[in-house]
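Trainee: sequence first, then the predicted structure:
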Amino acid sequence: QVQLAESGGGSVQAGGSLRLSCVASTYTTRMGWFRQAPGKEREGVVCIGYNGITNYADSVKGRFTISRGNDKKILYLQMNTLKPEDSAMYYCAAGAFRWGVCPLGPDEYNSWGQGTQVTVSS
């Protein structure tokens with residue numbers, strides 16, 4: 001399995017920005033960001049596939065941007081115009097190669113980081 005380590009979480013006021021980073025032990029064709037708030041199921045935020053095509057959850061479209069570092073072992077999540085409902089533990093995940101658009105279902109990924117907390121106050 002791929003080893004993943006997230007960083008960059010923190011506390012911000014609504015409307016603010018944060019950038020999360022995820023360092024992978026090796027390049028993986030399919031990676032994504034997920035989040036889980038207390039009492040809620042883990043949900044997909046955005047993923048990026050082997051061909052660079054991305055897939056965003058409707059709730060973050062236009063506000064969040066996923067990208068890879070030059071060596072493609074680093075995954076970023078730029079989060080702008082943050083809302084209180086974005087508060088959650090954010091996880092980086094990696095999955096095996098798959099044709100087509102990457103899925104946002106957590107079950108489609110088999111390597112997970114420890115998570116980084118994001119708290120947005122109103």
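Mentor: That came in fine, so what should we check first? Residues are numbered from 1 along each chain as shown.

Trainee: ok, now which ones touch residue 96?
Mentor: 29-30, 110 (CB atoms under 8 Å, 6 or more residues apart in numbering). All C-beta atoms are positioned from the backbone trio N, CA, C, and that covers glycine.

Trainee: scratch that, residue 10
Mentor: Applying CB under 8 Å, 6+ apart, the residues contacting residue 10 are 18, 117-119.

Trainee: hmm, try it at 10 Å
Mentor: By CB atoms under 10 Å, 6 or more residues apart in numbering, residue 10 lies in contact with 16, 18, 20, 116-120.

Trainee: element containing the spatially most central residue of the chain?
Mentor: Computing the C-alpha centroid of the chain and ranking residues by CA atoms, centre = their mean puts residue 33 first, at 1.7 Å. Per DSSP states H and E, residue 33 falls inside strand 30-36.

Trainee: cool, and residue 117?
Mentor: Going by DSSP H and E, residue 117 is in strand 116-121.

Trainee: how big is the angle separating that strand from strand 30-36?
Mentor: For strand 116-121 against strand 30-36, the angle by axes from the mean of the first three to the mean of the last three CA atoms, to 10 degrees is 50 degrees.

Trainee: which outside residues touch strand 116-121?
Mentor: In contact with strand 116-121 (CB under 10 Å, 6+ apart) are residues 5-16, 18, 20-22, 35, 37, 77, 79, 82-92.

Trainee: do a quick rundown of the strands in this protein.
Mentor: 4-7, 10-13, 18-24, 30-36, 43-48, 54-56, 64-68, 74-79, 88-95, 111-112, 116-121 (DSSP state E).

Trainee: looking at the ones you listed, which is nearest to residue 104?
Mentor: strand 43-48 (2.8 Å; CB to CB).

Trainee: and the angle for that closest one with strand 30-36?
Mentor: Using the same axes, to 10 degrees: strand 43-48 against strand 30-36 is 160 degrees.

Trainee: ok, and the closest non-adjacent residue to residue 110?
Mentor: residue 95 (6.0 Å; CB to CB, 6 or more residues apart in numbering).

Trainee: so what's the residue count around that neighbour?
Mentor: 22 (other CB atoms under 10 Å).

Trainee: pretty sure it sits against residue 44.
Mentor: No. Counting by CB atoms under 10 Å, residue 95 does not reach residue 44; the two are 11.2 Å apart.
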